[in-house]
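Peer 1: Fold the following, please.
(chains A and B)
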Amino acid sequence: MDDFALAAFREREARQILKRRAFYLHLAVFVAVQVMLFGIWALVGGGYPWFLFPLMGWGIGLVAHGAAAFLLANPNDIVLEREQRRLSQQ
Amino acid sequence: MTRLFGRGELKQALLHVAADLGPTNGYAIMHGLAERVGGSWQPSPGAIYPALLALEDGGLLVGRDHDGTRRYEITPAGRVAVAAEPDVLDEVAGRAQRAPAPPITLGAVLDRLVAGVPLRDRPLPPAHVARVELLFQPLLAELRDLTAEEAP
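Peer 2: As a prediction, the model looks like this:
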């Protein structure tokens, strides 16, 4: 495979890895905060499940971030992914 | 920050470079473009390679594999496209020259100077620590005055 193409594919892969790592960090913070909120709720005797509101609100943002990290790509990355697949099948 | 290349300008600029260089590989085209655009713009294969593929798909460039390297050559249709927009490289280069240079921090300047100090990682005898600090006192005072002048 051409060196220049290989460099372009590596660049796309590096971008993808960074995007996914950022999402996993977001997920870890989300889980930690939700566990903490649930713990506070349980410690003060339960009752009305108020911890569900931040869970659902932030959850929407987390799902959007996940979609951006795993499903969406910029046009150049889509072209590069298609070309990499085509070349590897040759 | 404004975009350096307008819609379709990157491909046009690459065609101009390919026309100037003759049959050559992607790296040569990328470096040729960086040289002609100038300024602080730094292209990368991840941005240039998809544009070269699009030019190939459009029949404006033809790519041929040669000793494991893909060489690109402008086609007659590509030359027509270059002739249709002869000023695109000048326009982009003008924009690159007018674009503000990235700010250089005081820390970056100090890092650059300190990186050149010989034996900087060698442990310093205690007696020399005070001596070095004394050497830097007037310099630090001057730097404080300089940054105070620049503060709004």
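Peer 1: Check which element follows the longest helix belonging to chain A along the chain.
Peer 2: The longest helix of chain A (DSSP state H) is helix A:3-43. In the C-terminal direction, the helix or strand that comes right after helix A:3-43 (DSSP states H and E) is helix A:52-70.
Peer 1: just to revisit the earlier point, next one: the longest helix of chain A to chain centre, how far?
Peer 2: 5 Å (CA atoms, centre = their mean, to the nearest Å).
Peer 1: What is it packed up against?
Peer 2: Contacts defined by 3 or more CB pairs under 8 Å, 6 or more residues apart in numbering or on different chains; DSSP states H and E place helix A:3-43 against helix A:52-70, helix A:75-89, helix B:26-37, helix B:45-57, strand B:69-74. C-beta: built from backbone N, CA, C; applies to glycine.
Peer 1: so which of those comes closest to A:Ile40?
Peer 2: For the helices and strands packed on helix A:3-43, the distance to A:Ile40 is smallest for helix A:52-70, at 11.1 Å, taking CB to CB.
Peer 1: How are the strands of chain B distributed by residue range?
Peer 2: Ranges of strands within chain B are B:24-25, B:61-66, B:69-74, based on DSSP state E.
Peer 1: Could you export the helices and strands packed on helix A:3-43 as CSV, including mean pLDDT?
Peer 2: Putting those into CSV (pLDDT from 0 to 100) gives the following:
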stretch, mean pLDDT
helix A:52-70, 96
helix A:75-89, 89
helix B:26-37, 93
helix B:45-57, 94
strand B:69-74, 94
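Peer 1: With distance to B:Gly6 and mean neighbour count as new columns, can those be given to me in a markdown table?
Peer 2: Below are those laid out as a markdown table (distance: least, CB to CB, whole Å; neighbours: other CB atoms under 10 Å in any protein chain shown):
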| stretch | distance to B:Gly6 | mean neighbour count |
| --- | --- | --- |
| helix A:52-70 | 26 | 13 |
| helix A:75-89 | 16 | 14 |
| helix B:26-37 | 13 | 19 |
| helix B:45-57 | 14 | 20 |
| strand B:69-74 | 21 | 19 |
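Peer 1: closest to B:Ile104 out of those?
Peer 2: Per CB to CB, nearest to B:Ile104 of these: helix B:26-37, 20.3 Å.
Peer 1: is any part of the closest one close to chain A?
Peer 2: Yes: under the criterion of CB under 8 Å from any CB of the partner chain, chain A is reached by helix B:26-37 at B:26-27, B:30.
Peer 1: got TSV for these, with distance to A:Val29 too?
Peer 2: Listed next are those as TSV, based on distance: CB to CB, whole Å:
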residue	distance to A:Val29
B:Gly26	40
B:Tyr27	41
B:Met30	38
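Peer 1: hmm, back to that, between the helices and strands packed on helix A:3-43, which gets nearest to B:Asp87?
Peer 2: The closest of these to B:Asp87 is helix B:26-37. By CB to CB, the value is 12.6 Å.
Peer 1: that older thread, can I get the strands of chain B in TSV including distance to A:Ile17?
Peer 2: TSV is the format used below for the strands of chain B (distance: least, CB to CB, whole Å):
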stretch	distance to A:Ile17
strand B:24-25	27
strand B:61-66	28
strand B:69-74	26
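Peer 1: Those: which one's closest to A:Gln90?
Peer 2: Of the strands of chain B, nearest to A:Gln90 by CB to CB is strand B:61-66, at 10.6 Å.
Peer 1: tell me the angle of the closest one relative to strand B:69-74?
Peer 2: Interaxial angle, strand B:61-66 versus strand B:69-74 (axes from the mean of the first three to the mean of the last three CA atoms, to 10 degrees): 150 degrees.
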